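K.L.:
No letters, just coordinates:
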């Protein structure tokens with residue numbers, strides 16, 4: 001009983017630590033960009049990275065409270081979807097953006113490390129450490145793909161209207177719509193695979 005209580009406490013600390021770390025990175029980004037005088041809220045919150053990290057930090061903090069209350073399984077679908085989205089951020093950045101020269105993706109290098117690398121690993125770690133006790137249906141979880149799909153549509157439509165795209169691979173003026181389509185299909189396939197992986201890692205008996 002003591003060991004179980006200790007494990008539960010460590011799990012809560014883990015969630016709180018990384019939730020607050022993600023929150024600090026987002027706030028630091030906003031504060032730095034505002035200080036530089038070029039903060040455009042509509043653009044800032046149009047990054048999939050920012051949207052996903054905000055969701056993740058909120059889920060981690062909420063999940064910490066749910067663990068204390070013994071109701072964390074009620075957040076299984078929300079936690080699963082957030083895990084998929086932030087893994088898309090981490091893998092997508094690594095394969096599509098990290099190698100670009102003279103490209104600055106965050107106002108502060110440390111925030112880049114937190115938002116694109118640490119948070120994806122931390123969230124997947126949270127999923128493995130605190131797996132839902134019930135098995136999540138892969139078919140039912142395909143609804144998670146609605147958000148990234150809608151995001152692509154939003155980015156392309158808004159980009160045409162305002163002349164600004166959040167990511168180079170979503171900008172058809174650079175390489176054409178065919179190139180955008182190839183990347184988008186690849187990202188959606190990645191999201192599909194990640195959804196399967198996350199669902200496979202559910203339904204296990206927790207030891208906390």
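P.N.:
Done, it's in. What you are looking at is a predicted structure, and each value in this text was computed from that prediction instead of being measured.

K.L.:
center of this structure, which residue is that?
P.N.:
Taking C-alpha atoms, centre = their mean, the centroid of the chain lies closest to residue 86, which sits 2.2 Å from it.

K.L.:
where does that residue land on pLDDT?
P.N.:
We have a pLDDT of 97 for residue 86.

K.L.:
And what about it, helix, strand or coil?
P.N.:
Three-state call for residue 86 (DSSP: H, G, I helix; E, B strand; the rest coil): helix.

K.L.:
Likewise for residue 17?
P.N.:
Counting by three-state DSSP, the backbone at residue 17 sits in helix.

K.L.:
Likewise for residue 136?
P.N.:
Relying on three-state DSSP, one would call residue 136 coil.

K.L.:
Low-confidence regions, this structure specifically.
P.N.:
For the chain, applying pLDDT under 70 flags the ranges 1-6, 97-105, 204-208.

K.L.:
tell me the contacts of residue 89?
P.N.:
Listed by C-beta atoms under 8 Å, 6 or more residues apart in numbering, the contact partners of residue 89 are 48, 49, 52, 53, 115, 116, 119, 120. Backbone N, C-alpha and C define where each C-beta goes, glycine included.

K.L.:
Near the last one, how many other residues are there?
P.N.:
Here the count is done by other C-beta atoms under 10 Å, and residue 120 has 24 residues near it.

K.L.:
Could you do residue 146 as well?
P.N.:
10.

K.L.:
Please enumerate the helices of this protein.
P.N.:
Here the chain has its helices, by DSSP state H, at 2-36, 41-44, 48-69, 76-92, 109-113, 119-129, 138-141, 146-162, 172-175, 177-200.
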